[in-house]
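Enquirer: What shape does this take:
(one chain, ligands or ions: 5)
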Amino acid sequence: MRLDIFAVTAVLVGVVGAAPATQQPRTTAIRSTTSTSSTTLSTSSSTTSTTSSMTTSTTSTSSTTSSTSTSTSTSIVAAAAAVAPSCASYWLEQITHQGTSAFNPDKSYKTFRNVKDFGAKGDGVTDDTAAINNAISSGSRCGPGCASTSTTPAIVYFPAGTYLISSSIIDYYYTQLIGNPNCPPVLKATPGLTGFGVIDGNQYQAGGSLAWESINVFWRQIRNFVIDMTAIPPGTGATGIHWPTAQATSLQNIVFKMSDAPGTQHVGLFIESGSGGMINDLVFYGGLKAASVGNQQFTMRNITINNAVTAIDQLWDWGWTYKSININNCTTGINIAAGGTSAQAVGSIVLFDSSITNTHVGISTAHTISQTTTSGTMILENVSLNNVPIAVQGPSSTLLAGTAGTTTIAAWGQGHSYTPSGPTNFQGPLTAFTRPASLLKSGAYFERSKPQYESLALSRFRSARATGAKGDGVTDDTAALQNTITTATQQGQVAFIDAGTYRVTNTINIPPGAKVVGEGYAVIMSSGSLFANQANPRPVVKVGAAGQQGQVEWSDMIVSTQGAQAGAILIQWNLASPSTAPSGMWDVHTRVGGFAGSNLRASNCPITPGTTITSANLKQSCIAAFMMMHISPSGTGIYLENVWLWTADHDVDDPSIAQITIYTGRGLHVESASGNIWLVGTGVEHATLYQYQFATTKSIFMGQIQSETPYYQPNPTALLPFKYNATWRDPNFAVKCAGKSGNCAAAWGLRVVDSADVLGYGAGIYSFFNNWSTACSQSGAGGCQNSIVSIEGARVRNVGLYGLNTIGSISMIDRDGASLAKAADNRDGFSETVAIFRSG
Ligand SMILES: *[C@@H]1O[C@H](CO)[C@@H](O)[C@H](O)[C@H]1NC(C)=O
Ligand SMILES: *[C@@H]1O[C@H](CO)[C@@H](O)[C@H](O)[C@H]1NC(C)=O
Ligand SMILES: *[C@@H]1O[C@H](CO)[C@@H](O)[C@H](O)[C@H]1NC(C)=O
Ligand SMILES: *[C@@H]1O[C@H](CO)[C@@H](O)[C@H](O)[C@H]1NC(C)=O
Ligand SMILES: *[C@@H]1O[C@H](CO)[C@@H](O)[C@H](O)[C@H]1NC(C)=O
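Expert: Ligands and ions are numbered 1, 2, ... in the order given. As a prediction, this is how the structure comes out:
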């Protein structure tokens, strides 16, 4: 998740004029692209022109609109006040709030804040900006100027109402902004809104850098809002949400209302950098660009865009997964032509199960069949067109004709294919992946958003703290927490895990039928001898037992370990759910080390690049987990969305965010016999042996997956500190690497063994470091490891990847130990890209 050299703050800093040097070609491309815009991003917040992002060139219009502004303001306010909808109340508003932060020295720290308790009126008339910003900042939280911290989580809750916003709502670190889903609150921008965004998720500071390095912004959400920008004059550049963020972040259920008048300069969602993340259930109306987005990777699902000039403007990326995108009545659907043919800024996109209607150009690209790189790789699968005259527009000609009527693009693409041999440079139709029927609903891949239980009465929730658990990070909460979950499930209640850290010394069992929801990412943290033996690993949280059937829903929590826990399997899934009603995990993450209370911090587990690490000097106290998540042979029917399995590479509670060395054996190990598993917007980082492993399983949907190799390897290599264990289907690096040179014993990013129907729609598999140095991943360097994706075994069938991006590996894909796709054949700016791999 974090890699300083790619801090793309240069994108905007360049505009202000102080761009640091960067070795990242894609960054350079963006900077040059954006800096051609005539607007400057002023760091002063005193002028309206601050809101003109560099994507627009309209500063001059702001001074001409003041008279319009006043009259618009009056009529809008009157309209808003007249509409006072009556809305069902929401349990999250009503429940007793006892959440705290176990490792915050302030024992009275409060996680939950209702903006009305801070004076916000939500009456459509009162300017609520200051009250809302107070609700966010109160309690010595981590605002701009604070590098990061795990100790000040907050839920900032908005009851139904219309909140007048005159300058940006400044979001803080580790914050969830949540509206009443029964009646999403309206954030109504005043005509003269100042700041960069109605909500600014990462505010530019004086000097031109973001408040937080965007690749470092974790654990935050915005959900259930209407962002209404229609009072802002159309010609004034204005932004709805500014969201340069990284893993474990989500935007959900947000409507953006913008002007669709000719010349509109409104932008709904703006992302210029970071390493995301999940975005789903957004609806946009109007705007010059509904979404203007650049980031290493993101998954966007269930997005509807109406009446924008350009629906999605892709500033740059390595990979992007677009699923269930519906574009209506725009001029251009998705523009990936940024940078033009000579400096393409977009690495790749995968668009599927989507529709484009009444739009002149579906997709605009700068990619040409004759180019030497793979930049601008595109895959379309099951994209329906209705009155789209040009489906794909190239730099000088139509590449795929559209229709005045209706048609469906079964599959089409541009880039390099390996089916399974290659590369073949192609442009045109291709054979779509063969989708297992069990993963589909009405032909499209199944999808389900995080449940928010908006129709349940308060009596249907059972609080962990109200029923005896402490969550103070010290008390052994094993029995109390188990009792809350078991009793809630028996009584048909949702187990509500109040914010805090629940230390457990034995396994917590989540039974069939359970619904578990955390407040402010409540943490379950294992500790003690039961989890310390790598020869006898134990689950910290166990979902169902082998042979059990039913459904479980789990959201908004973190599972962690404390101290040496070489035998901890953080999450183990054994439950069988039908593929038609799968279980789900949404915004549930693992965090191994690197936070206050973990005893696995910069002071405990510092990096030691100058010391050659051997079994004799390796710090046993920093062996923090056996495996982050295990889906056992009996586990089946599981939907994961926005799940980030992270072993920390740095200490988020250290003021200098110092790097650390933490050892976790394995990332996500799937050995489900029946499969039917959806991995939607997931990431797995820094485990020793592999990040994603699929062994003798089947029917897996993935998109987007993202992984990183541990930064310490090869000091030590993947041979330390975990013993090879065939029972766990471990890769045997001692055998694989005997007699091999280079960095052979390095973690796999993705390993698929004897599995069938494993289909990926976007994958970013990265290796940035060797022995804590990024020299190996620089352009022209040999690479950080020999190989990173492995497809193994005679029983592999129908394994496919669209939009595979790798960084730092000499071989992109190995088949049974031999390199199939080489980085050198698929260069794409900083990453390497294969448009399609098919195992045969
Ligand atoms: C898609 O988003 C819309 C709008 O938020 C929502 O009503 C709908 O339930 C979502 N559909 C799915 C399948 O998530
Ligand atoms: C299409 O968009 C334009 C503005 O972009 C708007 O005026 C028109 O009403 C829209 N048509 C429909 C059918 O929504
Ligand atoms: C394509 O996706 C649509 C949803 O956009 C779905 O209804 C349809 O069944 C899918 N068709 C195929 C052939 O996959
Ligand atoms: C291998 O894993 C099994 C199952 O967890 C365990 O019983 C055994 O002790 C492990 N072997 C070693 C050498 O760690
Ligand atoms: C790791 O890098 C340091 C320099 O930062 C070097 O002194 C050391 O020899 C390297 N160790 C290994 C095992 O590569």
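Enquirer: When you work out contacts or count neighbours from here on, use the C-alpha atoms and nothing else.
Expert: Fine.
Enquirer: Helices of the stretch 601-750 of the chain, residue ranges please.
Expert: Along the stretch 601-750 of the chain, the segments classed as helices by DSSP state H, counting those that start in this stretch run 733-736.
Enquirer: Same check on the chain?
Expert: Ranges of helices in the chain, per DSSP state H, are 10-16, 25-34, 59-62, 66-82, 91-94, 129-137, 478-490, 733-736.
Enquirer: And those helices, which one averages the lowest pLDDT?
Expert: Mean pLDDT values for these show the minimum at helix 25-34, a mean of 26.
Enquirer: who in this structure is up against ligand 2?
Expert: With CA under 6 Å from any ligand atom as the criterion, the chain meets ligand 2 at residues 260, 307-308, 329.
Enquirer: Mind checking which of the residues you listed are buried?
Expert: The neighbour-count test (16 or more other CA atoms under 10 Å) applied to the residues of the chain next to ligand 2 identifies 260, 307-308, 329 as buried.
Enquirer: out of these, which are inside strands?
Expert: Residues of those located in strands (DSSP state E): none.
Enquirer: a markdown table please, covering these and showing pLDDT.
Expert: What follows is those, written out as a markdown table (pLDDT from 0 to 100):
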| residue | pLDDT |
| --- | --- |
| D260 | 97 |
| N307 | 98 |
| A308 | 98 |
| N329 | 98 |
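Enquirer: from those residues, which single one is nearest K441?
Expert: Ranked by distance to K441 (CA to CA), these are led by N329 at 26.6 Å.
Enquirer: I figured that closest one hits N358, correct?
Expert: Yes. Proximity of N329 to N358 meets the contact threshold set by CA atoms under 8 Å, at 4.7 Å.
Enquirer: Break down the stretch 451-600 of the chain into its strands, ranges please.
Expert: Counting by DSSP state E, counting those that start in this stretch, the stretch 451-600 of the chain has these strands, from start to end: 461-463, 472-476, 494-497, 501-504, 508-510, 515-526, 538-543, 553-561, 568-573, 583-592.
Enquirer: Just put those strands in JSON lines and tack on mean neighbour count and distance to E641.
Expert: Formatted as JSON lines, the strands of the stretch 451-600 of the chain follow (neighbours: other CA atoms under 10 Å; distance: least, CA to CA, whole Å):
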{"stretch": "strand 461-463", "mean neighbour count": "24", "distance to E641": "23"}
{"stretch": "strand 472-476", "mean neighbour count": "17", "distance to E641": "27"}
{"stretch": "strand 494-497", "mean neighbour count": "26", "distance to E641": "19"}
{"stretch": "strand 501-504", "mean neighbour count": "28", "distance to E641": "23"}
{"stretch": "strand 508-510", "mean neighbour count": "22", "distance to E641": "19"}
{"stretch": "strand 515-526", "mean neighbour count": "27", "distance to E641": "14"}
{"stretch": "strand 538-543", "mean neighbour count": "24", "distance to E641": "17"}
{"stretch": "strand 553-561", "mean neighbour count": "25", "distance to E641": "10"}
{"stretch": "strand 568-573", "mean neighbour count": "28", "distance to E641": "15"}
{"stretch": "strand 583-592", "mean neighbour count": "25", "distance to E641": "5"}
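Enquirer: Mean pLDDT and distance to ligand 3 for these - can I get that in TSV?
Expert: TSV is the format used below for those (pLDDT from 0 to 100; distance: least, CA to the nearest ligand atom, whole Å):
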stretch	mean pLDDT	distance to ligand 3
strand 461-463	98	35
strand 472-476	98	46
strand 494-497	98	32
strand 501-504	98	41
strand 508-510	98	34
strand 515-526	98	29
strand 538-543	98	31
strand 553-561	98	25
strand 568-573	99	29
strand 583-592	98	21
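Enquirer: quick one: which of the ones you listed is nearest L668?
Expert: Using CA to CA, the strands of the stretch 451-600 of the chain put strand 568-573 closest to L668, at 9.4 Å.
Enquirer: What's the end-to-end length of stretch 534-548?
Expert: Taking CA to CA, to the nearest Å, stretch 534-548 runs 26 Å from one end to the other.
Enquirer: Quick one: residues in contact with it.
Expert: If you take CA atoms under 8 Å, 6 or more residues apart in numbering as the criterion, stretch 534-548 is touched by 504, 506-512, 526, 530-531, 552, 559, 566-576, 626, 634-635, 722.
Enquirer: How far does it sit from its chain's centre?
Expert: 27 Å (CA atoms, centre = their mean, to the nearest Å).
Enquirer: ok, now stretch 680-695?
Expert: For stretch 680-695, the distance to the chain centre is 15 Å (CA atoms, centre = their mean).
Enquirer: Next, see if it gets close to ligand 1.
Expert: No. Stretch 680-695 lies out of reach of ligand 1 by CA under 6 Å from any ligand atom, never closer than 12.2 Å.
Enquirer: number of nearby residues for the closest residue to ligand 3 within the chain?
Expert: Closest contact between the chain and ligand 3, by CA to the nearest ligand atom, is at G443 (3.2 Å). Here the count is done by other CA atoms under 10 Å, and G443 has 12 residues near it.
Enquirer: Tell me how many other residues crowd G347.
Expert: By the criterion of other CA under 10 Å, G347 has 29 neighbours.
Enquirer: how much space between C776 and ligand 4?
Expert: 33 Å (CA to the nearest ligand atom, to the nearest Å).
Enquirer: now the residues of the chain next to ligand 2 as a markdown table including distance to ligand 5?
Expert: Conversion of those to a markdown table gives the following (distance: CA to the nearest ligand atom, whole Å):
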| residue | distance to ligand 5 |
| --- | --- |
| D260 | 55 |
| N307 | 54 |
| A308 | 51 |
| N329 | 55 |
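Enquirer: Report the beta-bridge partners for A568.
Expert: Following DSSP bridges, A568 is listed with bridge partners R538.
Enquirer: Help me confirm that it comes into contact with S529.
Expert: No. With contacts counted by CA under 8 Å, A568 stays clear of S529, the gap being 10.0 Å.
Enquirer: thinking again about what came up before, taking the buried ones among the residues of the chain next to ligand 2 together, which two end up most distant?
Expert: D260 and N329 (10.7 Å).
Enquirer: joint contacts of the two?
Expert: 307-308.
Enquirer: ok, the nearest residue to D123 once chain neighbours are set aside - how many residues close by?
Expert: Take D123 and drop its neighbours on the chain: the residue closest to it by CA to CA, 6 or more residues apart in numbering is T162, 5.6 Å away. T162: 28 surrounding residues under other CA under 10 Å.
Enquirer: what sits opposite T162 in the beta ladder?
Expert: The partner residues for T162, given DSSP bridges, come to D123, V186.
Enquirer: So it versus ligand 2, what's the distance?
Expert: 25 Å.
Enquirer: Look up the pLDDT of the residue nearest to the spatial centre of the chain for me, please.
Expert: Taking CA atoms, centre = their mean, the centroid of the chain lies closest to G277, which sits 1.3 Å from it. pLDDT for G277: 93.
Enquirer: Spell out which residues of the stretch 301-450 of the chain are next to ligand 1.
Expert: Counting by CA under 6 Å from any ligand atom, the stretch 301-450 of the chain sits next to ligand 1 at 302, 447-449.
Enquirer: let's see 5 Å
Expert: Counting by CA under 5 Å from any ligand atom, the stretch 301-450 of the chain comes close to ligand 1 at 302, 448-449.
Enquirer: Can you tell me which of those residues end up in strands?
Expert: Among these, the ones falling in strands (DSSP E) are N302.
Enquirer: Going by neighbour count, which of the residues of the stretch 301-450 of the chain next to ligand 1 comes out on top?
Expert: N302 (21 neighbours).
Enquirer: hang on, that residue packs against N280?
Expert: Yes. Taking CA under 8 Å as the definition, N302 is a contact partner of N280 at 5.5 Å.
Enquirer: what about L575, distance to I485?
Expert: 16 Å.
Enquirer: neighbour-wise, which of the two wins?
Expert: L575 (28 against 25).
Enquirer: Where does the chain get nearest to ligand 2, residue-wise?
Expert: In the chain, the residue that lies nearest ligand 2 is N307 (4.1 Å; CA to the nearest ligand atom).
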